[in-house]
Structures are given as C-alpha cells and as structure tokens.
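Undergrad: the following block contains a protein sequence and its predicted model.
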Amino acid sequence: MKFATVSKSLVIGLAMLLSVSAFAATKANLQLGNPVLVNGTTLKPGDYKVQWEGSTGNVELTIMQGKNVLAKVPARVIELQSPAGNDAAVTRKNESGPNTLAGLRFQGKKLALELGEASEAMSGGSSK
C-alpha cells in the first residue's frame, strides 16, 4: 500500500516537472552584421538575445538587447534535415530600406525559426 502511494506521488511530480519544462523558454544569441527590419522595427547591427516558448509549431519570438524588449514577432519552429553549420540570420531583400529578418538558424541544431513568409528564404536564403 505504501509503495503504491509513493509511486503515485512520484508519477504526479514527474508529470508536473515535465509539463513545466515543456513550456520553458528557449533562448539563443543573435548577431546582426547589417540592419534588419523585424515587425516594423529596424534592428541595428549588434548582439541581441532571442527567446521563445515551445519546441514545435507557432511561437512568439521576442528579440531583446540587454533587458529591453525591442521586437516581438510570430514565428514557426521548423525541423531541418540536418543540423545547421552555423548561427545565421536569414533575411529577405526589400526594394527599399533594410532587409527583413525572415528566419534564424542555430549552429548544431536541427531546429530553426521561420518568421512571416520565410519558407523560400529558409531553404536557400542569405545568412550573416
């Protein structure tokens, strides 16, 4: 009887831990060599932090510099066929003004983020 109670408590505790970690924020660094446009905000060249919650499907990407949130944009987590060879900011060319940030790749990871209409850019876009 005592064993069943301990096991039940252990299973419930483990399930709660897993559910909390499933919603934990994922963080990464972003380095921009050129200005890019993100959801109406122009980000200057420099170092940024990106954060999102979830490992599949649609997420909200937050771009920060220090503790300041500079932009939030809807994104979609996609799985790559092989791990990215380097960190990359994938951009889409604009006729006027800075290029638009279309996606992010992360060195050694098989996941990437696609922003807006970025499917073409993610498959063969430019990187910095």
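TA: Cool, the structure landed. Small disclaimer: the values here were computed from a predicted structure and weren't measured. Residues are numbered from 1 along each chain as shown.
Undergrad: low-confidence stretches in the chain?
TA: 1-24, 117-128 (pLDDT under 70).
Undergrad: which residues in it form helices?
TA: 2-22, 119-124 (DSSP state H).
Undergrad: residue 30 and residue 41, how far apart?
TA: Using C-beta to C-beta, to the nearest Å, residue 30 is found at 14 Å from residue 41. Where you see a C-beta, it was placed from the backbone N, CA and C, and this is true even at glycine.
Undergrad: more neighbours, the two?
TA: residue 30 (21 against 13; other C-beta atoms under 10 Å).
Undergrad: which non-adjacent residue is nearest that one?
TA: residue 48 (4.3 Å; C-beta to C-beta, 6 or more residues apart in numbering).
Undergrad: I figured the one you found hits residue 32, correct?
TA: Yes: at 6.9 Å, residue 48 counts as touching residue 32 under the criterion of C-beta atoms under 8 Å.
Undergrad: so who does residue 110 touch?
TA: Shown in contact with residue 110 (C-beta atoms under 8 Å, 6 or more residues apart in numbering): 79-84.
Undergrad: buried subset of those, written for PyMOL?
TA: Remark: buried members of the contacts of residue 110, expressed as a PyMOL selection using 16 or more other C-beta atoms under 10 Å:
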select buried, resi 84
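Undergrad: please identify which of the contacts of residue 110 is nearest to residue 94.
TA: Lowest distance from residue 94 to the contacts of residue 110 (C-beta to C-beta) belongs to residue 84, with 24.1 Å.
Undergrad: okay, that closest one and residue 110: tell me how far apart.
TA: 8 Å.
Undergrad: go on, residue 67?
TA: 30 Å.
Undergrad: buried ones in stretch 34-41?
TA: Quick answer for stretch 34-41 (16+ other C-beta under 10 Å): 36-38.
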